[in-house]
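Visitor: can't give you the sequence, but here's the structure:
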């Protein structure tokens with residue numbers, strides 16, 4: 001009933017009376033004709049005098065009563081459509097004339113850094129990142145989880161050489177604690193996408209220095225970048241490797257073994273693991289052989305498989321290394 005009242009622009013009392021009159025028949029009982037609500041219905045043309053008898057009233061059919069208002073609303077809707085069409089033409093002309101704004105060149109490391117931070121701060125739902133060297137000084141694509149608004153989801157695809165940078169494991173652990181999803185795998189290019197509306201990519205596909213970038217707002221290009229990210233992210237290996245929930249008396253990896261297993265499954269080289277852990281490569285190889293012996297494995301793939309079988313890793317966390 002409330003919807004009918006709003007659409008017909010009647011008060012609740014007016015609508016109730018008109019509805020009862022429509023249901024009762026064409027003639028109006030004399031006792032209702034003198035009420036204030038009835039008088040307002042007469043002003044709206046919903047009731048009328050019986051032809052030739054000024055003392056008797058009849059109900060006007062809804063089709064006849066509301067046809068003038070329907071016609072008026074049709075005219076308003078037609079005018080509204082014309083105005084929208086004119087605005088759309090103007091919008092199309094403006095965006096076509098200034099199409100460069102849909103793909104903007106960001107020049108200089110300070111500007112690149114500023115736009116990266118802005119894309120993080122303004123995201124309301126989701127940030128997607130492809131992380132690979134080179135970096136603007138003091139800025140890496142997943143070092144800034146604190147810049148995100150609460151509730152914003154972030155997914156980062158790291159290149160192996162990105163994770164191999166000393167200190168990156170600690171950063172990864174901190175970002176995972178905030179809810180970030182990290183994976184390691186092939187990265188097509190450096191990329192950040194904010195809310196699937198705006199993206200930023202290097203001006204060159206494989207730059208040696210990150211001092212310029214393209215800011216992409218064109219919906220079609222952004223959609224293509226999102227699809228590119230998703231295709232590579234789906235094939236990558238989760239970096240949030242942890243120990244599965246095991247019984248208290250179960251065989252468990254030590255923390256050094258878990259850290260080593262994490263880096264092995266991420267696909268890092270022995271030298272990169274040594275750099276990450278701050279030890280000599282020979283130490284890494286010795287510890288790797290000890291871990292393999294404990295797992296009964298001779299390759300990284302076998303080690304990953306055995307780790308899953310023992311409950312050290314989930315199946316989704318194992319890399320075919």
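Guide: All right, it came through fine. Nothing here was measured: the structure is a model prediction, and the numbers come from that model.
Visitor: can you give me the strands in this protein?
Guide: In the chain, the strands defined using DSSP state E lie at 47-50, 53-59, 103-107, 126-131, 153-158, 181-184, 191-194, 198-202, 212-216, 237-238.
Visitor: Compute the inter-axis angle for the fifth one and strand 126-131.
Guide: The reference is to strand 153-158. 10 degrees (axes from the mean of the first three to the mean of the last three Cα atoms, to 10 degrees).
Visitor: Which elements pack onto strand 153-158?
Guide: strand 126-131, helix 168-177, strand 181-184, helix 219-235 (3 or more Cβ pairs under 8 Å, 6 or more residues apart in numbering; DSSP states H and E). For the C-beta atoms, the positions are set from N, CA and C on the backbone; glycine is no exception.
Visitor: Counting neighbours, what do you get for the closest residue to residue 152 other than its chain neighbours?
Guide: Distances taken as Cβ to Cβ, 6 or more residues apart in numbering put residue 123 closest to residue 152, at 5.0 Å, once the chain neighbours are dropped. Residue 123 has 23 neighbours, counted by other Cβ atoms under 10 Å.
Visitor: roughly how far apart are residue 233 and residue 74?
Guide: 50 Å (Cβ to Cβ, to the nearest Å).
Visitor: And for residue 309?
Guide: 72 Å.
Visitor: More neighbours: which of those two?
Guide: residue 309 (13 against 10).
Visitor: now that one: how far from residue 71?
Guide: 76 Å.
Visitor: cool, and residue 226?
Guide: 47 Å.
Visitor: Specify which residue of the two has the higher count of neighbours.
Guide: Legend: neighbour count by other Cβ under 10 Å for residue 226 and residue 71, higher for residue 226 (17 against 10).
Visitor: I'd say the more buried one and residue 195 touch.
Guide: No - using Cβ atoms under 8 Å, residue 226 is not in contact with residue 195; the gap is 10.4 Å.
Visitor: between the two, what contacts are shared?
Guide: Contact criterion Cβ atoms under 8 Å, 6 or more residues apart in numbering; residues shared by residue 226 and residue 195: none found.
Visitor: related to what we said a few turns ago, kindly state which of the helices and strands packed on strand 153-158 is positioned closest to residue 25.
Guide: Smallest distance to residue 25 across the helices and strands packed on strand 153-158 (Cβ to Cβ): 58.2 Å, for helix 219-235.
Visitor: packing partners for the closest one?
Guide: Checking 3+ Cβ pairs under 8 Å, 6+ apart, helix 219-235 ends up next to strand 126-131, strand 153-158, strand 191-194, strand 198-202.
Visitor: Now do the first one against strand 198-202, angle only.
Guide: When the same axes, to 10 degrees is applied, the directions of strand 126-131 and strand 198-202 differ by 10 degrees.
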